[in-house]
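1. Sequence first, predicted coordinates after that:
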Amino acid sequence: MTERRSIGTFALVSLISLVLGCGSDQQPGDRSTLGPLGPTVAGAGAVLPTLPGAVAPKTMTQTSQPTMTPMGPGVVMSPGFDMASSEQAFSTTVYPILREHCARCHSLPPEGRAQMPMHAHADIATSHMFVLPKVNLRQPEASKLWQRQALEGHNCWSDCKQNGEQMLAAIRVWSEMVRGSLPVSTLPVAEGEVTEQQVLQWIAADKAKIAPADAPYIQYASLHQLHNRKATFDDMNTARAGISKILNSTTRWAPDIVNPKVIDPYSLVYRFDVRDYWGYSINGAKNPMAGITAWNRIKQGNFNADDQVRTANSFGNKDTPANSVAKMTPTFPNIAGFYPEYTEATQLGYTLSRPDVYADVMQLGTNSATLERQLGVVSKGVDSWKFMTIDDAITINKRMLLRSTTPSGFFWKGVDPFSQAPFIFYDRPIPEMDAFSLVKTTPVFDSEGRYAENHAITEDASGNLVGGPQAQASEMIFSMPNGLQGYFVGGAANQIRVDAFPFIVIDPRRGGALPANFPFRLGPGSELRLLGPASCMACHVDGMNGVNQDMRPYVDDNPGKFDAATVERVKQLYPTTEEVRKQVDEDRQIYTEAMNKIRDEMVVGISDKTLYVEPIMFLFESAQLIFNYQPTASN
C-alpha cells in the first residue's frame, strides 16, 4: 500500500511544542551543513548514520569518591576496562573543552546551574562518569557529546561544525589511549551477506516449532539488511534494542516488558507475538484478537488523518491536499519492508513511530481529558497537579508544565502559550482549568469561559496583561504499565494532533536551533514537521528531561506583587526546583528500569550494555536510508 503522507497546515493557535524539556538548555549557534540524517560512520566499512542519544546501564563503577553521582543509571564496562587510565586520558582530552565551554550550566553553583548531565563538574571523577554514557570510545562518531554541537547546534562557542569536529577529535584521542582495555564483542558474525533465502529458512525452521493455536499471532523482524550494509556490532546492538523498544513503546495496556526472541545463530532475526504488545483491553485484560487488529492496522502504514473526512464539529485539522506541503513532495510507501513472511526491522521501527500508526495502535483518543481519565489522573481541578513555569523554554515563549500521579506512575503536560502577549502566568499565577482539563491562558477565554481569539491586547493601569490573543498548545508524556513512556500531542483545545511545525520549536533533528535573538524559524526547515512519537522518542532518550522551577524565584523576587493568600497558594501548587528535580529523578527511574530489561537481553555479545544511540531513532533513520526515502516535510 502506498503511504498517503499528508500533513497539512494549521492555525497559529494549534502550533505546538512537541516535547517536554527537549532542548530546554539549547543555546543559539551556527547550524552545521550536515544533512538531516547526519554523517556516515567512518571505519569498518560502515555506511549507517550516527544518531544522537544514549541510555546507560544500571550500575556504577568509579575510581574515586565524587561529590555527586550521575542522575539515573551509570556505566558498565568489561572487568578489564581501566577506569583510572580512562579518567587520566579524559583529563587531557575532552575534560578541558567541557570545563571551558560547558561549566556555566553543567556544573555546581556558583560557577554553574547544576543542570544535568553534570559532565563539566569541577570534580573530574564525577565529570568522567557523566561523560562515559555519552561517548562511545569504540566508535567515537556514535557519541552524543560531539553530535550536540555538530548535528544539533547546542551551545556552540563559535562555528557548530568546527566545534563538533574539535570535540570529536578529542574523543578520538581519548579512545586511542584506552582502546586496549575496551570491551569487544564475542558474538558470532555471519560471513558475507545474509540472503533472504537464508532468512526464510530460519523462519521456516522456527515456525515448525510453533503450536498451531499460536501461529496466527507470530511475526518476525529481520536485521539482515543492516548486517549486509556492514554495520558495526554497536550499531547492530542498537538496532536489536530498537526492535524491542519500539514494540514495547507502542503497547498501551501490556503489563510488562516482553523482548522478542532470536531464532538464528547470529542474532539477526527475531520472533514476536502480537498478543504480548497489543493483545490487551483498556482494563489490562487479555484480548488476543486486539493484537491481530493492531497488526493489521500497522501494515496499512501512515495514512494521515488529514485525509479523512471531517465534520464541522470534529476536532483536528480540516486541511485539504491543496494546502498540504507534504502532499506536494515525493514520498514512498512506508511499508516497503513488510514482506509476506517477515518485516525488515528498521522498517518496523519506522512505521510504528509514524504519527497515525502510533495514535491508532496506542488508542489515544481525541482529547487529553479522555486520556487522563483512562490513565487514572485524579479529577480535583488544579489540586490534581503540581505546576512549574519554565523561562528557558523550547518555544517562542515561556511555558508551564504540570505533573500528576497515576497508578502506572506519572502524567506530565506542557502548556505552551505563544504570541506576542506577555506570559500570563506571571500576572495570574493560580491556574484555572476547564472541563476538558485545559489550563486557561486567560486572554483566550472571555468572562464566561468561552473560547475567543479576537480580543485586542489590553493592559491595566499597572501595565499588567488583561486581554489579548494567547495561542497555546499542549503535549503530554505518561508512564505506561510496562514502565516506558507514551506521548500525546495536543492542539489549542487539548485535541490530539499528529504533527507540529518546527519553526517555533527547538528540535535539533528537525531544523536545528532557532536563529539567535529571533523567535521564529523562517526559510529552509520551516516547512518540516515534528512527528508526535518519533520526535518525542528521539528527545526523551533517558525518560523525563530535567527542568527548573521559575515561578517560586519570580514570586520571591517580586515581593508585594501578590497578596499573602496568592503567595501561599503558589507554594501549595508550585514545588521548589529541588523538589521538581527529585520528582523527575523518580520518574526517570521508572523508565530506566524498563530500559534495563530491554538492554540486558537485547544488547548481546558484550559486557557494555550502554546504548550510546537512541535505538528507535536509529531504526527509523536507517530505514530512510535503506529504502531510499526522499526528503519530505515528514521524512
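-> Arrived safely, thanks for sending. Because the structure is predicted, anything quoted here is derived from the model rather than measured.

2. care to break this structure down by domain?
-> Domains of the chain are assigned by automatic domain parsing as 12-18+365-578, 83-181, 196-361+615-626.

3. Which SSE is immediately downstream of the one helix or strand in the chain whose mean pLDDT sits lowest?
-> Across the helices and strands of the chain, the lowest-confidence element by mean pLDDT, DSSP states H and E is strand 465-467, at a mean of 53. With elements assigned by DSSP states H and E, the helix or strand that comes after strand 465-467 is strand 472-479.

4. And that following strand, what does it pack against?
-> Applying 3 or more Cβ pairs under 8 Å, 6 or more residues apart in numbering; DSSP states H and E, we find strand 472-479 packed against helix 368-375, strand 409-417, strand 485-490, helix 577-602. Where C-beta positions appear, they are placed from N, C-alpha and C, glycine not excepted.

5. Who does that strand pair with, and is each partner parallel or antiparallel?
-> The sheet places strand 472-479 alongside strand 409-417 (antiparallel), strand 485-490 (antiparallel), with pairing taken from DSSP bridges.

6. Quick one: closest of those strands to Trp146.
-> Evaluated over the strands paired with strand 472-479, closeness to Trp146 peaks at strand 485-490, with 26.5 Å, by Cβ to Cβ.

7. Show the average pLDDT along that closest one.
-> When pLDDT is averaged along strand 485-490, the result is 90.

8. same question, stretch 223-243
-> 96.

9. ends of that stretch, how far apart?
-> One end of stretch 223-243 to the other measures 9 Å (Cα to Cα, to the nearest Å).

10. swap in stretch 82-101?
-> Note: stretch 82-101 ends 27 Å apart using Cα to Cα.

11. How about stretch 96-115?
-> Start and end residues of stretch 96-115 are separated by 18 Å (Cα to Cα).

12. Could you do stretch 488-495 as well?
-> This stretch, stretch 488-495, spans 9 Å end to end (Cα to Cα).

13. repeat for stretch 608-620
-> 24 Å.

14. and it, what's its mean pLDDT?
-> Stretch 608-620 shows a mean pLDDT of 91.

15. How about stretch 439-455?
-> 53.

16. so can I have TSV of the strands paired with strand 472-479 showing mean neighbour count and distance to Arg552?
-> TSV is the format used below for the strands paired with strand 472-479 (neighbours: other Cβ atoms under 10 Å; distance: least, Cβ to Cβ, whole Å):
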stretch	mean neighbour count	distance to Arg552
strand 409-417	24	18
strand 485-490	25	26
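
17. which one of the ones you listed lies closest to Ala142?
-> When those are compared by Cβ to Cβ, strand 485-490 sits nearest Ala142, at 23.3 Å.

18. So what are the sheet partners of the helix or strand just after the closest one and their directions?
-> The element immediately downstream of strand 485-490 (helix or strand, assigned by DSSP H and E) is strand 496-497. Applying DSSP bridges, strand 496-497 is found paired with strand 485-490 (antiparallel).

19. Could you check the angle the strand it pairs with makes with helix 577-602?
-> On the basis of axes from the mean of the first three to the mean of the last three Cα atoms, to 10 degrees, strand 485-490 is oriented at 120 degrees to helix 577-602.

20. So which of the strands paired with strand 472-479 is nearest Val603?
-> Distance to Val603, taken as Cβ to Cβ, is lowest for strand 485-490 among those, at 20.0 Å.

21. With distance to Val194 added, can I get the helices and strands packed on strand 472-479 in a markdown table?
-> Shown next, in a markdown table, are the helices and strands packed on strand 472-479 (distance: least, Cβ to Cβ, whole Å):
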| stretch | distance to Val194 |
| --- | --- |
| helix 368-375 | 42 |
| strand 409-417 | 40 |
| strand 485-490 | 34 |
| helix 577-602 | 19 |
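
22. Figure out which of those is closest to Ala435.
-> Proximity to Ala435 (Cβ to Cβ) singles out helix 368-375 among the helices and strands packed on strand 472-479, at 7.4 Å.

23. Check the secondary structure at Thr251 for me.
-> State at Thr251, reduced to three classes by DSSP: H, G, I helix; E, B strand; the rest coil: coil.

24. Where does the prediction get shaky in the stretch 451-600 of the chain?
-> Across the stretch 451-600 of the chain, the ranges flagged by pLDDT under 70 are 451-460, 463-471, 498-529.

25. tell me the contacts of Ala114?
-> Ala114 makes contacts with Ser107, Leu108, as judged by Cβ atoms under 8 Å, 6 or more residues apart in numbering.

26. got a list of what Tyr280 touches?
-> Shown in contact with Tyr280 (Cβ under 8 Å, 6+ apart): Thr251, Arg252, Trp253, Ala254, Pro255, Lys286, Asn287, Ala290.

27. Scan these and report the most crowded one.
-> The most crowded member of the contacts of Tyr280, judged by other Cβ atoms under 10 Å, is Thr251 (26 neighbours).

28. circling back to that earlier point, distance to Pro188 added to the domains of the chain, as TSV?
-> Below are the domains of the chain laid out as TSV (distance: least, Cβ to Cβ, whole Å):
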stretch	distance to Pro188
domain 12-18+365-578	29
domain 83-181	18
domain 196-361+615-626	6
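
29. Which of the ones you listed sits closest to Asp600?
-> Counting by Cβ to Cβ, Asp600 lies closest to domain 196-361+615-626 out of the domains of the chain; the figure is 8.9 Å.
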